[in-house]
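[1] from the sequence below, what's the structure:
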Amino acid sequence: MAARSKANRILAAVLIPLALLTLAGMAALWPSGSREGVSLANPYSTAPGVTFDTGTIQNVVTENCMQGTSQQGTGQQGTSQQGTGQQGTGQQGSTQQPPGQGSDCTFAFTEPDKGGSPVKVVINPDVASSHGVKPGDQIRYLNLSKVQGATGSQGSPAYIFVDFVRTLPIVLLAVLYAAVVIAVARWRGLRALIGLVGAYFVLANFLLPGLVEGKPPLLLALVGSTVIMIGVLYFAHGFSARTSTALLGTIFGLAITALLAAWATDAANLAGVGSHDAATLVNTSANISISGVILCGLIISGLGVLNDVTITQSSAVWELYELAPASSARKLFTSAMRIGRDHIASTVYTIAFAYAGAALPILIIVMLYDRPLLDTLTSAELSEEVIRTLVGSIGLVLAIPVTTLIAVLVVKATGIRAADAAPAVAGSRDTEAQDIGARDIAAGDGKNDGGHGPADDVADTGALAAAALEQRSRRAAVEPPHEQVNEQVHEPATRRGRRADRG
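    Below you'll find the model as predicted:
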């Protein structure tokens, strides 16, 4: 405990000034919350008398479009499925046009959640052809029935499909996720989940409004990311020397990532060209810089994986050192980097698979263009994500040896001697390996990864930690304490002496 206190004092001398500087920067950059100069039509606003309703589909039929709409005999002038700043709303990027007389449409007889007779909802052609609807689905639809007769228009549907209601499956997945994390990582997992909520609070109340108001994007990303990491790491893992060591490594990785992101954004001319969302933001406010938004995204996207590798590497160094305090700094660094190199090997494809899993539609479209590979990777559609992957990977790879070096220097500065260390017992090996695994789970709660990379990453970490602890324990078992050796050597001699005396 005294050694850990000494390590905490050493780290506090570095981290406290950094934390104070970060808080001062956050106070200086805190957004005012004003929306002045921002003009964005809400696509979910409606005209007077038009409402969004929800219901459960009872039956699905395919009928002639004109026949289906004429039976309802309702309409609304100027309504569309994407907000135009005037009336009506619905699905993005498409407009509900009066169907042709000879075409067929899909209609869903839907029972409103608020009660009443089933209504006939027209399903968008793209939804009907791609995913489809079936009885039992909960949907959200636009209700134009209350304005029937106000315009006298005919041939337009009175109930238009807007979206599916996904509340129940998302809530079930969130509960299952929380239960699994808490069951495996226990109290530390619960604290990690609460820390994740705090991280999104900083993101929603500091970073995003700051970008809208035109604050410096590089400073916003650095300050916001540092605040998130300080809160998440200490809240999830507690105030300890190993957590502070991981925080120092994380801040170093953030700095490298920020510098590379700032250079790459300018050198590669990342301007968000070809993105519908970027075009929307450009027309929303003159203060919003698309390049600045991309820069922030490059820095924030690597936070989860960066946190994972630094906290795991720090924990590995501390556990290895406590099992063998007599190890030299060089040997300790080499042993810990064996774990770090396997961690690097797994994270090389973690970020890449995360993007590939989330952007399959874009990848398919680009693949169908049948362009050369180099042109595809450097195109406007993929260049941003390629640079995001490369910048984030460089930052986290460099953070591993730096975190390991800081951890070795800190544990050596604590002054623990081999004679002061209690021998490791076999029963503690599983507990220590599980402790490293729980830290890895808690660190992984902030990730936004996909594919099989993160699962392989966690498995590698747990296996390597357990193997290292097992190896150290076998060495301790092979080399018995000095007192035990003396007893084994002197006991036979004492017995022979007794026989000689009796003889």
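[2] neighbours of Y159, how many?
    By other C-beta atoms under 10 Å, 23 other residues sit near Y159. Heads up, the C-betas are built off the backbone N, CA and C, glycines and all.
[3] surely it touches L144?
    Yes. The pair Y159 and L144 qualifies as a contact (C-beta atoms under 8 Å) at a distance of 7.0 Å.
[4] so which residues of the stretch 1-150 of the chain form strands?
    When assigned using DSSP state E, counting those that start in this stretch, the strands of the stretch 1-150 of the chain occupy the ranges 51-64, 104-112, 119-123, 138-143.
[5] for the second one, which strands pair with it and how are they oriented?
    Based on DSSP bridges, the pairing partners of strand 104-112 within the sheet are strand 51-64 (antiparallel), strand 119-123 (antiparallel).
[6] need the ones you listed in CSV with mean neighbour count, can you?
    As requested, those are exported to CSV (neighbours: other C-beta atoms under 10 Å):
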stretch, mean neighbour count
strand 51-64, 16
strand 119-123, 22
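[7] now the ones you listed in a markdown table, with distance to S34?
    A markdown table is the format used below for those (distance: least, C-beta to C-beta, whole Å):
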| stretch | distance to S34 |
| --- | --- |
| strand 51-64 | 29 |
| strand 119-123 | 40 |
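[8] quick one: least confident helix or strand in the chain?
    The helix or strand of the chain with the lowest confidence, counting by mean pLDDT, DSSP states H and E, is helix 482-502 at a mean of 43.
[9] you'd agree V282 is up against I288?
    Yes. With the criterion set as C-beta under 8 Å, V282 and I288 qualify as a contacting pair; they are 7.1 Å apart.
[10] of the strands paired with strand 104-112, which approaches P361 most closely?
    Shortest distance between P361 and the strands paired with strand 104-112, using C-beta to C-beta, is found for strand 119-123: 20.8 Å.
[11] who's in contact with K114?
    The contact partners of K114, taken as C-beta atoms under 8 Å, 6 or more residues apart in numbering, are D53.
[12] other SSEs contacting the longest helix seen in the chain?
    Longest helix in the chain by number of residues, with DSSP state H as the criterion: helix 167-202. Using 3 or more C-beta pairs under 8 Å, 6 or more residues apart in numbering; DSSP states H and E as the contact test, the elements touching helix 167-202 are helix 217-237, helix 427-444.
[13] mean pLDDT lowest where, among the ones you listed?
    The stretch with the lowest mean pLDDT among the helices and strands packed on helix 167-202 is helix 427-444, at a mean of 50.
[14] what about T376, which helix or strand?
    Secondary structure from DSSP states H and E places T376 in helix 373-377.
[15] skip ahead from that helix and say which helix or strand is next.
    helix 383-413.
[16] what's that next one packed up against?
    Using 3+ C-beta pairs under 8 Å, 6+ apart as the contact criterion, the elements in contact with helix 383-413 are helix 2-29, helix 241-267, helix 290-300, helix 303-323, helix 329-358.
[17] just name the most buried of the ones you listed.
    Mean neighbour counts were compared across the helices and strands packed on helix 383-413 using mean count of other C-beta atoms under 10 Å; the top stretch is helix 303-323, at a mean of 27.
[18] show me the shaky parts of the stretch 51-200 of the chain.
    66-102, 148-155 (pLDDT under 70).
[19] my guess is F333 meets V408, correct?
    Yes. At 4.9 Å, F333 and V408 qualify as touching, with contact defined as C-beta under 8 Å.
[20] give me the pLDDT value at the closest residue to L222 other than its chain neighbours.
    Excluding its sequence neighbours, the residue lying closest to L222 (C-beta to C-beta, 6 or more residues apart in numbering) is A258, at 5.4 Å. You'll see A258 listed with a pLDDT of 90.
[21] quick one: contacts for I16?
    For I16, no residue meets the contact criterion (C-beta under 8 Å, 6+ apart).
[22] so how far is A278 from it?
    Distance of I16 to A278, given as C-beta to C-beta, to the nearest Å: 40 Å.
[23] also V410?
    44 Å.
[24] higher neighbour count, those two?
    Summary of the neighbour comparison: V410 and A278, criterion other C-beta under 10 Å, with V410 having more neighbours (24 against 18).
[25] before we move on, back to that, out of the strands paired with strand 104-112, the one nearest L373 is which?
    strand 119-123 (39.2 Å).
[26] the closest one vs strand 138-143, what angle?
    Using axes from the mean of the first three to the mean of the last three C-alpha atoms, to 10 degrees, the inter-axis angle of strand 119-123 relative to strand 138-143 is 100 degrees.
[27] checking N205 next. Helix, strand or coil?
    Applying DSSP: H, G, I helix; E, B strand; the rest coil to N205 yields a three-state assignment of helix.
[28] how many neighbours does it have?
    14.
[29] now do the contacts for it.
    Contacts for N205 (C-beta under 8 Å, 6+ apart) come out as none.
[30] quick one on the thing from earlier: any chance of the strands of the stretch 1-150 of the chain in JSON lines, with distance to G224 too?
    Putting those into JSON lines (distance: least, C-beta to C-beta, whole Å) gives the following:
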{"stretch": "strand 51-64", "distance to G224": "34"}
{"stretch": "strand 104-112", "distance to G224": "43"}
{"stretch": "strand 119-123", "distance to G224": "42"}
{"stretch": "strand 138-143", "distance to G224": "33"}
